[in-house]
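Undergrad: model this:
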Amino acid sequence: MLGCSADHCSNMCRAPATAGILFLSLFFSVLSTTSTACSNGSCQVLEACSAPTDCGAGLYCGNCPALGKTQPLCIRGQPTIPNSIINGLPFNKYSWVVTHNSFSIVDAPSLPGVQRLTFFNQEDTVTNQLRNGVRGLMLDMYDFDNDIWLCHSFRGQCFNFTAFQPAIDTLKEVEAFLHENPTEIVTIIIEDYVHSPKGLTKLFANAGLDKYWFPVSKMPKKGEDWPTVTEMVQDNHRLLVFTSVASKEAEEGIAYQWKYMVENESGDPGVVRGSCPKRKESKPLNSRSASLFLQNYFPTYPVQAEACKEHSTPLAEMVSTCYNAAGNMMPNFLAVNFYMRSDGGGVFDAVDRMNGQTLCGCSTVTACQAGAPLGSCKNIAVPNTSPVTNTEGALLDLFSSQDLLQQSILQVS
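TA: Sure, this is the predicted structure:
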């Protein structure tokens, strides 16, 4: 467990592991709390903490100096797994946290005698990411050193100073997670620079992941609903894999990403307030010929210390912007750098609220009631807040309140 520090919000004390006009400004109203009465696992979101053990389940002790918040507070470290509350809907009705460059981990060992010269995007292992509720991994795969490696590189070539590790090592982490969690579904999105014949097919088979493979033949081709999450679990089709190379769908049975999902532009263009342009390879965001939507939300150059600021109000605004740009289609995947960092609820609260709106018409997924009509929400007390109007004029205060944040924590043993 990581230590708690007022100097840096990366010191994470992790706990154990529709309707267009109705939606949104996705506004985070994070209230300051300076309570010192809690301790020993009783502290909730935004309550002051001084030790890793102070914060409750699903929380860690951190801060956000980029927003002037230097006092350590309890911050969310996990989402609510949506199908644990509303199960049995098509896969494309849910929203999930995705880590951008999941393998590009701060302090990951470099090759012997080589100083790594590249950017970093995450702070903990893929195993921890999955345990913390991440359900999508973005992996850059290259031919390197007579194998397939995960590499954060350029010009389509992996170098020893941009290489991280053989891809099979990370894929074995995914296999172990799927084996240990037989009701979970994971999506892998590959930026694909692998040219070795049948390279990816052999890689996934050698990692033991072929038994979980969702077959391309069963993927909806014209924007229809996906099978339900229940059906996917029953059939053990719990791994979705997409490649950026179109020819590999026919050659290796690996789904060509932009045939099945729309995607906004990544990097700096994807974080410009009020704008959500499509990625050049993608169909228009409001196309209905693809039933999945990947929203990228990370700057071109990742900065750890700024991530907690990026994952506050600007994140909520961009989800709203992209929702509108996609013709009132909720993103299924929200891809971020340094996913744990925020000033309170962050990415986890955003995804809880996205799922709440889509799955049950409520302000957060923890207000949903299985089997109840749309809009029949649990009575979760929230403080009075003034609704805000975003740049598109959409109105509804769905992202507001410390109490909702507190109610949204996934309790795990």
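Undergrad: so where is the stretch 201-350 of the chain shaky, pLDDT-wise?
TA: Within the stretch 201-350 of the chain, no range satisfies pLDDT under 70.
Undergrad: In the stretch 151-300 of the chain, mark out all the strands, start to finish.
TA: In the stretch 151-300 of the chain, the segments counted as strands under DSSP state E, counting those that start in this stretch are 163-166, 186-193, 239-243, 255-256, 261-263, 292-296.
Undergrad: So what's the residue count around Met329?
TA: Residues within reach of Met329, counting by other C-beta atoms under 10 Å, total 23. Any C-beta I mention is one placed from the backbone N, CA and C, and that applies to glycine too.
Undergrad: which ones are touching it?
TA: 285-286, 293, 323 (C-beta atoms under 8 Å, 6 or more residues apart in numbering).
Undergrad: how about 6 Å then?
TA: Phe293 (C-beta atoms under 6 Å, 6 or more residues apart in numbering).
Undergrad: what's the distance between it and Thr358?
TA: In this view, Met329 and Thr358 are 10 Å apart by C-beta to C-beta, to the nearest Å.
Undergrad: again, but for Pro166
TA: 37 Å.
Undergrad: between those two, which one's more packed in?
TA: Neighbours were counted for Pro166 and for Thr358 using other C-beta under 10 Å; Thr358 has more, 25 against 16.
Undergrad: burial count for the closest residue in space to the more buried one that isn't next to it in sequence?
TA: Distance criterion C-beta to C-beta, 6 or more residues apart in numbering; nearest residue to Thr358, sequence neighbours excluded, is Met330 at 4.9 Å. By the criterion of other C-beta under 10 Å, Met330 has 23 neighbours.
Undergrad: mind listing what Met330 touches?
TA: 95, 354, 358.
Undergrad: where exactly do the helices run in the stretch 1-150 of the chain?
TA: Using DSSP state H, counting those that start in this stretch, the helices assigned to the stretch 1-150 of the chain run over residues 126-131.
Undergrad: Over to the stretch 251-400 of the chain?
TA: Counting by DSSP H, counting those that start in this stretch, the helices of the stretch 251-400 of the chain are 257-260, 304-310, 313-325, 346-360.
Undergrad: which stretch among those helices comes nearest Pro79?
TA: Pro79 sits nearest to helix 346-360 of all the helices of the stretch 251-400 of the chain, at 4.1 Å, using C-beta to C-beta.
Undergrad: Which elements pack onto the closest one?
TA: Of the remaining helices and strands, none touches helix 346-360 by 3 or more C-beta pairs under 6 Å, 6 or more residues apart in numbering; DSSP states H and E.
Undergrad: That helix vs helix 313-325, what angle?
TA: Angle, helix 346-360 to helix 313-325, by axes from the mean of the first three to the mean of the last three C-alpha atoms, to 10 degrees: 30 degrees.
Undergrad: List the buried residues for helix 346-360?
TA: Residues of helix 346-360 classed as buried: 346-360 (neighbour count, 16 or more other C-beta atoms under 10 Å).
Undergrad: and what of stretch 178-187?
TA: 178, 184-187.
Undergrad: quick one: Cys308 and Cys64 touch, right?
TA: Yes - if you go by C-beta atoms under 6 Å, Cys308 and Cys64 touch, sitting 3.7 Å apart.
Undergrad: Please identify which of the buried residues of stretch 178-187 is nearest to Ala48.
TA: Set against Ala48, the nearest of the buried residues of stretch 178-187 by C-beta to C-beta is Glu184 (33.6 Å).
Undergrad: Tell me, what's the model's pLDDT at the closest one?
TA: The score at Glu184 is 98. That number is its pLDDT.
Undergrad: what do you get for Thr366?
TA: 94.
Undergrad: Quick check: it vs Met318, distance?
TA: From Thr366 over to Met318 (counting by C-beta to C-beta), the distance is 23 Å.
Undergrad: Show me which of these two is the more surrounded one.
TA: Met318 (27 against 22).
Undergrad: ok, now which ones touch the more buried one?
TA: Residues near Met318 by C-beta under 6 Å, 6+ apart: Tyr297.
Undergrad: The same query, at a cut-off of 7 Å, please.
TA: Shown in contact with Met318 (C-beta atoms under 7 Å, 6 or more residues apart in numbering): 271, 297.
Undergrad: what do you get for Thr118?
TA: Listed by C-beta under 7 Å, 6+ apart, the contact set of Thr118 reads 152, 162.
Undergrad: any idea how far Leu59 is from Met123?
TA: Actually, residue 123 is Glu. It isn't Met. 16 Å.
Undergrad: go on, Thr243?
TA: According to C-beta to C-beta, Thr243 and Leu59 sit 36 Å apart.
Undergrad: before we move on, what about Ser363?
TA: 20 Å.
Undergrad: now swap in Asn337 and tell me
TA: In this view, Asn337 and Leu59 are 21 Å apart by C-beta to C-beta.
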